[in-house]
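Chemist: Okay, structure incoming, though there's no sequence with it:
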């Protein structure tokens, strides 16, 4: 295809044939910073900024894909990039780019107003969330939600063998789920926090600090305990069709992290 600009032919290089006969499974754009709106259980909606990745497959006979078209599709759905529209966006990507498969990934910070357990001092907690969707010919469309939840754990071994105290640490639990019906981000976060030694808070006064220290001490957990607790609760939810749970403790007395993973 040739376009004419100022009397000069503009060759569409992407549409030229490639002689190497190598198909590319994913080609596209990464790390687009883009404003999105997410459903918020307490406030209706929440405005945040996401990192967006968009890919399609590329048949072996095409030299390249049209990168600008990804951005054009994103702009078409400005203000409507949400779970309910993922399938439409994926279909539009396949149609516009003449592809057999399309992939859309968005990662964003999500904030929840959280009260300290005793004084009820209020602060915002940040959770990193991910929506990932894929659509391919001959396969069911796939969609999953992922959330990083910070937690506190106390080492059961340390508590058992020590005459005084026990070492504790902050960790991150990452949950990914597929589901039948809609699911709230907040519900997954609360499920994870209830499966740890204690929650993490953005603000704590002295009475709160006493409370969380003692609560965690009375509820010691290995990373293995955390992933098993989360897995058990997710397994009991008939809305969840698949999940993975990983827990990483940033150890306070070791020069390494402790890690566990469960998938079902």
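Modeler: Right, received. Where do you want to start? It should be emphasised that the depicted structure is a prediction, and the values quoted were computed from it without experimental measurement.

Chemist: and residue 176, what helix or strand is that in?
Modeler: Using DSSP states H and E, residue 176 sits within strand 168-179.

Chemist: Name the residues of the following helix or strand past that strand that come out as buried.
Modeler: Of the helices and strands lying after strand 168-179 in sequence (DSSP H and E), the nearest is helix 185-193. For helix 185-193, the neighbour count (16 or more other CB atoms under 10 Å) marks 185-186, 188-189, 191-193 as buried. Using the backbone N, CA and C atoms, a C-beta is placed for each residue, glycine as well.

Chemist: I'd like the next helix or strand past helix 185-193.
Modeler: strand 198-199.

Chemist: So which other helices or strands are in contact with that next one?
Modeler: Judged by 3 or more CB pairs under 8 Å, 6 or more residues apart in numbering; DSSP states H and E, strand 198-199 is in contact with strand 142-154, helix 206-217.

Chemist: Quick check: can you name the pairing partners of the longest one and their directions?
Modeler: Read that as strand 142-154. According to DSSP bridges, strand 142-154 forms sheet pairs with strand 122-136 (antiparallel), strand 168-179 (antiparallel), strand 198-199 (antiparallel).

Chemist: Would you format the ones you listed as CSV with mean neighbour count, distance to residue 108 and mean pLDDT included?
Modeler: CSV is the format used below for the strands paired with strand 142-154 (neighbours: other CB atoms under 10 Å; distance: least, CB to CB, whole Å; pLDDT from 0 to 100):
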stretch, mean neighbour count, distance to residue 108, mean pLDDT
strand 122-136, 17, 6, 96
strand 168-179, 19, 15, 96
strand 198-199, 22, 22, 96
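
Chemist: Select, out of those strands, the one closest to residue 253.
Modeler: Closest to residue 253 of those is strand 168-179 (CB to CB; 8.3 Å).

Chemist: Now do that closest one against helix 185-193, angle only.
Modeler: Orientation of strand 168-179 against helix 185-193 (axes from the mean of the first three to the mean of the last three CA atoms, to 10 degrees) gives an angle of 130 degrees.

Chemist: Strand 168-179 to helix 206-217, inter-axis angle?
Modeler: Using the same axes, to 10 degrees: strand 168-179 against helix 206-217 is 70 degrees.

Chemist: Who are the contact partners of residue 193?
Modeler: Going by CB atoms under 8 Å, 6 or more residues apart in numbering, residue 193 touches 149, 151, 199.

Chemist: how close does it get to residue 154?
Modeler: Residue 193 sits 15 Å away from residue 154, going by CB to CB, to the nearest Å.

Chemist: tell me the phi and psi of the residue lying closest to residue 123 once chain neighbours are set aside?
Modeler: Leaving aside its chain neighbours, residue 123 sits nearest to residue 202 (3.4 Å; criterion: CB to CB, 6 or more residues apart in numbering). Residue 202 adopts backbone torsions of phi -80, psi -20, taken as degrees, to the nearest 10.

Chemist: neighbours of residue 202, just the number please.
Modeler: 15 (other CB atoms under 10 Å).

Chemist: Could I get the pLDDT score of it?
Modeler: With respect to pLDDT, residue 202 has a value of 96.

Chemist: Equivalent analysis for residue 82, please.
Modeler: pLDDT recorded at residue 82 is 82.

Chemist: go on, residue 10?
Modeler: Predicted confidence (pLDDT) for residue 10: 64.

Chemist: again, but for residue 15
Modeler: pLDDT at residue 15 comes out at 61.
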